[in-house]
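Colleague: got a predicted structure here, sequence first:
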Amino acid sequence: MILNKIGSADAAKYPEALRMALDYLATTDFSTVADGVYELDGRDVFATVSTITSKNINETHPEYHKEYVDVQYWIDGGELLGWAPKEGLEYPLIKEEGDLFLLKDGPEGEILVPCKAGDYAVLFPWDIHRPGIAVTKSLTYRKVVVKVRFSKI
């Protein structure tokens with residue numbers, strides 16, 4: 001996992017597909033963008049803009065992806081993001097839908113990372129993550145998840 005602030009000079013070191021995602025996040029005025037899916041490079045790089053309400057950790061599930069890298073960006077508000085390394089282990093699934101693998105329980109060693117407006121997280125297929133956890137109470141906020149096909153990195 002990479003966690004940083006949008007606009008960081010470090011982004012220039014990333015592969016082109018990740019730079020495309022971060023440039024989109026840095027240059028888009030999301031106050032004028034409706035919730036929805038936006039293709040940046042077909043299905044290789046696309047963004048989903050959403051309004052989300054955070055939940056108690058017990059109401060959320062960890063997840064991972066095999067085909068895509070997530071670049072999650074908080075437009076406003078914030079959440080706790082659960083994270084743990086997958087480390088090649090298999091965990092009991094409650095749902096498998098396309099490239100989304102939802103886990104029944106949190107992985108051992110999961111840490112909670114506070115994320116707020118202007119932050120981004122890059123989550124690779126080896127990163128188990130649990131988005132949408134309320135910091136102290138449920139809040140509604142906007143978030144973008146840019147999906148980058150792993151084979152493009």
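Modeller: Everything's here; your move.

Colleague: name the element the closest residue to Asp10 other than its chain neighbours belongs to?
Modeller: Distances taken as Cβ to Cβ, 6 or more residues apart in numbering put Asn4 closest to Asp10, at 6.0 Å, once the chain neighbours are dropped. In short, each C-beta sits where N, CA and C put it, glycine included. Using DSSP states H and E, Asn4 sits within strand 2-5.

Colleague: so what touches the following helix or strand past that strand?
Modeller: Counting by DSSP H and E, the next helix or strand C-terminal to strand 2-5 is helix 16-27. For helix 16-27, the external contacting residues (Cβ atoms under 8 Å, 6 or more residues apart in numbering) are 6-7, 11-12, 14, 40-41, 44-45, 47, 69, 71, 73, 120, 122, 144, 146, 148-149, 152-153.

Colleague: among the residues you listed, which ones are buried?
Modeller: Buried subset of the contacts of helix 16-27 (neighbour count, 16 or more other Cβ atoms under 10 Å): 6, 11, 14, 40, 45, 47, 69, 71, 73, 120, 122, 144, 146, 148-149.

Colleague: make sure Ser50 is actually in contact with Asp35.
Modeller: Yes. Ser50 lies in contact with Asp35 (Cβ atoms under 8 Å); the separation is 5.5 Å.

Colleague: which residues are common contacts for these two?
Modeller: Contacts common to Ser50 and Asp35, judged by Cβ under 8 Å, 6+ apart, are Arg142.

Colleague: tell me the least confident of the buried ones among the contacts of helix 16-27?
Modeller: Minimum pLDDT for the buried ones among the contacts of helix 16-27 is recorded at Ala11 (85).

Colleague: for it, which non-adjacent residue is closest in space?
Modeller: Leu22 (4.6 Å).

Colleague: now Ile2
Modeller: Per Cβ to Cβ, 6+ apart, closest to Ile2 is Val122, 4.0 Å.

Colleague: which residues touch that neighbour?
Modeller: Here Val122 is in contact with 1-3, 18, 69-71 (Cβ under 8 Å, 6+ apart).

Colleague: host element of it?
Modeller: Using DSSP H and E, the element containing Val122 is strand 119-123.

Colleague: strands paired with that strand, and their directions?
Modeller: Paired strands of strand 119-123, with direction, are strand 2-5 (antiparallel), strand 68-74 (antiparallel) (DSSP bridges).

Colleague: right, and the helix or strand after that strand?
Modeller: strand 127-133.
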